[in-house]
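Asks: okay, predicted coordinates and the sequence, questions at the end:
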Amino acid sequence: AAAAATAAATPEQAEARLKEQRKREKQALLPTLPAWTDTRGYLTLDFPRTGRTPVPTQPIGTLPVELQEIYITEDLLFCLMGVEGKYITLAPADEHTSADAMLQMDATLDGSLAELARRVLPLCSRYSLVARFIHEHSSYGHGSVNQALASAMRTVLKEFLILVAQLEHQFNQGELSLQKLLFYVQPCSNVMDILSSISHSITKGACEGAAVLTLLHDRVLSSVGERRSQEMCLHLLQAASAPYFTMLELWIYKGIVVDPYSEFFVEEAPEKVKEKLTVSYNDSYWEQHYTIVDDRVPSFLRSVVDNILRAGKYLNVVRQCGLDVQFPHAQEITYSMQERRYLDCVQGPLGYSSKLLLDHLMLEMKLVDRFKSIKNYFLMGQGDFFVQFMDVAEAEMKRSVGDIAVERLEALLELALRTSSANHDPYKDDLSFTFVPVTLIKELFRILNVSHDHRGRDRAAAPDALAADTNPDITGLEAFTFDYKVQWPVSLVLSRKVLKRYQLLFRHLFFTKHVERELCSSWAVHHSAKKYSLADSPRFAAAFALRQRMVNLVQSLQYYMVYEVIEPHWHRFLESLRTVTTVDEVLQHQHNFLDTCLSECMLTSPSLLKIISKILSMCIMFASYMNKLLKTLETAFARLARDNAQVTAFQLGHVADEQFQASVRNIDEVFTAQVYDLLEALTHHASSESEANMANIVARLDFNGFYSNRRRRAQRP
């Protein structure tokens, strides 16, 4: 049942459970206070309930008023320190509902004295509330912010107890009356009100970390106009925020997270490791290794939270490169009511860390050269290398994936690299190849088919699901793709997810190039057959014309993808890299480049992709059919030539019979219908999706209205 519940959980629920588990693991590592800190009630000075039966006393109303005042004043001094008196005691727990009503007096007390005493009792009750809060929230489990706040409150409470000790000295000297006591404690009443109100709010809301700081910040803002109240709240907030700002300084100055109590808003996900960047498609190390936990962000830091996250992330990446870095102009950060000051404090570390990481990638790791190397291989920028590689390896890759000799193909790839202009690429040794045992269209549908979760966010399907659709009979030409080895920190930019997008473009270009080569090889066979007067036969004219239309279409597709989509956007991408200031901008520009290329190369539209796939498959089928037929004819006619026989019209007609002509007409009709569908889909896509470049490929495929006019003629009655 637990496994079923886990499988049915949404990604957000799974993430929440993971965070809760991390928090429990952290709390399990925290030290605990000895048990006697809770069992020895007198340590808190918060009206310890010892369970002893109070000693019966004579009703205070039977005493003279002068003695009543002395006794009740003495009891009030005890209560101000959290100790019961003789005539002022704790009320039973079921007889009071608020902190102010927790003490009860002897009912026989003189009325005037009772009225004065009742004005002091709330101060005693609030002292008790604050003392209890300090005792409970000084433990490790409540976090460093609560501990710091409790420590600041303890300092204020200590000053209050000093005042009580001075009043007790006057009482012992016989100089303190009940009226004087009320007068002397009156200034402390406002302070104790603030402390008790804050303690009650924190306890009631179970606040920790940022929630405590936000509460105190709101109190500071709401007390504008009350100078003493604001100064007290400001003092408490500055003390409570000290450990939080210490964590903040370690993050933005060194890129380190030290958060034993799970209070800081930057949370590390230990399961997200940089090594997965090169192997896992769905790994999102840069986005999820360090994330912002919204409910841990104090309200006064919300405007700079993104800058804080990026400043620490940049330094952390440089630190993981083996460099010991620290912001050279570090200064202590303290609380300020002016939020602009936080922006000034973060801007310096952010600029330093972003420049440091960007320089490391651009200068030391030569990121731009890496991009150019990727483009040469995955986007077919190295023309002679591909011609040589396909010339020597095409025969091997026409086999099914399971029958290909991988070692032989590796040797052929190495040969093509060493004997072409790619030999001058310093990163050529990082190039390898792999086979994806599914067709391109299936892989694209699985990876680029975007589903929406219940919050409406886009979520791409993981390619791990492709294993269920593997096809062992797929040929190497259909499954072949390049792979590229990158090391940290370049893998941050060229992650497996990014390389997968390059591979999608490569597979599409590579297969289109393969189709063009097949059609061109068919043209070469047709050309060699002309010496047998086949070109003069009307029976073959339709096949030759169809082949030429196919060649024109495939070459137009290639030209559009390479010269009208990839090359212009590639140059814009390189230009944008000259002005970037952060790694995030590099990632964003690369993301935009790949998304644009995938979209304009028609790889993200299922309808267009299906039509193009059918057209390319039809071209392959036709080229194979014609090559097989004409090679058979060439063999037969060569035998006749050895016998000095002439190719007669009868023999030519025997070869190009009605069945052959019907097959050509059928292929022509299907191919033409597919081209009509493609042109219609491209036109619709260009108008509805505002893709201006689509108009170019429509004009190129339907040059001079060839297909449009042909379709209109066919539709005439």
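Replies: Nice, thanks for sending it over. Numbers count the residues shown, from 1 in each chain.
Asks: Thr581 and Ser353 touch, don't they?
Replies: No: between Thr581 and Ser353 there is no contact under CB atoms under 8 Å: 11.4 Å. Just so you know, the C-beta spots here come from the backbone N, C-alpha and C atoms, and that holds for glycine as well.
Asks: looking at those two now, which is surrounded by more residues?
Replies: Neighbours per residue (other CB atoms under 10 Å) separate Thr581 from Ser353, with Ser353 holding more: 27 against 12.
Asks: any idea how far Leu129 lies from Pro328?
Replies: Using CB to CB, to the nearest Å, Leu129 is found at 47 Å from Pro328.
Asks: who's more crowded, these two?
Replies: Leu129 (20 against 9).
Asks: surely the more buried one meets Ser196?
Replies: Yes: with contact defined as CB under 8 Å, Leu129 reaches Ser196; the gap is 4.6 Å.
Asks: the helices in the stretch 101-250 of the chain, which residues?
Replies: Secondary structure of the stretch 101-250 of the chain (DSSP state H, counting those that start in this stretch): helices located at 111-137, 143-172, 178-205, 210-222, 227-254.
Asks: turn those into TSV, columns for mean pLDDT and distance to Leu546.
Replies: As requested, these are arranged in TSV below (pLDDT from 0 to 100; distance: least, CB to CB, whole Å):
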stretch	mean pLDDT	distance to Leu546
helix 111-137	90	84
helix 143-172	93	77
helix 178-205	92	77
helix 210-222	93	71
helix 227-254	93	66
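Asks: nearest to Val387 among these would be which one?
Replies: Of all the helices of the stretch 101-250 of the chain, it is helix 227-254 that lies closest to Val387, at 52.0 Å by CB to CB.
Asks: packing partners of the closest one?
Replies: Of the remaining helices and strands, those touching helix 227-254 by 3 or more CB pairs under 8 Å, 6 or more residues apart in numbering; DSSP states H and E are helix 143-172, helix 178-205, helix 210-222, helix 305-320, helix 340-359.
Asks: for the first one, buried residues please.
Replies: Within helix 143-172, the residues that qualify as buried are 143-150, 152-153, 156-157, 160-161, 164, 167-168, 171, counting by 16 or more other CB atoms under 10 Å.
Asks: where along the stretch 251-400 of the chain do the strands fall?
Replies: All strands of the stretch 251-400 of the chain, identified by DSSP state E, counting those that start in this stretch, fall at 266-268, 290-292.
Asks: out of those strands, deepest packed?
Replies: Among the strands of the stretch 251-400 of the chain, ranked by average contacts under mean count of other CB atoms under 10 Å, first place goes to strand 266-268 (a mean of 19).
Asks: helices or strands next to that one in the packing?
Replies: If contacts are counted by 3+ CB pairs under 8 Å, 6+ apart, strand 266-268 sits against strand 290-292, helix 305-320.
Asks: ok, it: who's next to it in the sheet?
Replies: Next to strand 266-268 in the sheet, as set by DSSP bridges, lie strand 290-292 (antiparallel).
Asks: re the thing from before, would you turn the helices of the stretch 101-250 of the chain into JSON lines with distance to Phe671?
Replies: Shown next, in JSON lines, are the helices of the stretch 101-250 of the chain (distance: least, CB to CB, whole Å):
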{"stretch": "helix 111-137", "distance to Phe671": "79"}
{"stretch": "helix 143-172", "distance to Phe671": "71"}
{"stretch": "helix 178-205", "distance to Phe671": "71"}
{"stretch": "helix 210-222", "distance to Phe671": "65"}
{"stretch": "helix 227-254", "distance to Phe671": "62"}
